[in-house]
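Asker: The sequence and its predicted three-dimensional model are supplied below.
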Amino acid sequence: DLIEAWLEVKVASDSGAIVFESGGLDESGRLRQDAQKLGGYMLDKDGNKIERNRVWVTAKKVTERAIPPGRTIENEFRMPVPAKAERIRVDARWNYRKLNQDFVDWAYGPGNFHTPIGEVASTSHEFEVRPVSAP
């Protein structure tokens, strides 16, 4: 319940306007719900998610998503592309932080501390936008 690893994606039109975002943080430093995450969670004996790292009550560990060594995973996103855009730029990066904001706020008080975010990997690519012709 402490560690977060997630994919952050931003797509910008050729004018520089952001036309799509996924996996960012909200104004309080919490990961947005739309984020594509890695990892899992722990459950207590009653099937409740464990919070605040109370590992001594763990009955089961659940892995929701992982990247096996030497393998890849895929993420799919759908978004509208501005009609006048000739090119779009996609920036994607995997982020990691040791403590999520909920735990930090509980431990240090709301707004007093934000855990540094490390970039694990990133890539950028520009694409030409072409109209789709009707069949």
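Answerer: On my side now, so go ahead. Since we're looking at a predicted model, the values are computed, not measured. Residues are numbered from 1 along each chain as shown.
Asker: Distance from the chain centre to the helix or strand hosting Ala107, please.
Answerer: Using DSSP states H and E, Ala107 sits within helix 101-108. How far helix 101-108 lies from its chain's middle: 19 Å, per CA atoms, centre = their mean, to the nearest Å.
Asker: Could you point out the helix or strand that follows that helix?
Answerer: Counting by DSSP H and E, what follows helix 101-108 is strand 118-128.
Asker: Quick one: residues contacting Arg87.
Answerer: Arg87 makes contacts with Ser13, Asp14, Glu126, Phe127, Glu128, Val129, as judged by CB atoms under 8 Å, 6 or more residues apart in numbering. Placement of C-beta: from N, CA and C, glycine included.
Asker: filter those residues to the buried ones?
Answerer: Those of the contacts of Arg87 that meet the buried threshold are Ser13, by 16 or more other CB atoms under 10 Å.
Asker: now the contacts of Arg87 in CSV, with distance to Lys60 and pLDDT?
Answerer: Output for those, formatted as CSV (distance: CB to CB, whole Å; pLDDT from 0 to 100):
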residue, distance to Lys60, pLDDT
Ser13, 45, 92
Asp14, 49, 89
Glu126, 45, 96
Phe127, 43, 93
Glu128, 48, 93
Val129, 47, 88
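Asker: could the contacts of Arg87 go into JSON lines alongside distance to Ile73?
Answerer: Output for these, formatted as JSON lines (distance: CB to CB, whole Å):
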{"residue": "Ser13", "distance to Ile73": "27"}
{"residue": "Asp14", "distance to Ile73": "29"}
{"residue": "Glu126", "distance to Ile73": "23"}
{"residue": "Phe127", "distance to Ile73": "21"}
{"residue": "Glu128", "distance to Ile73": "26"}
{"residue": "Val129", "distance to Ile73": "26"}
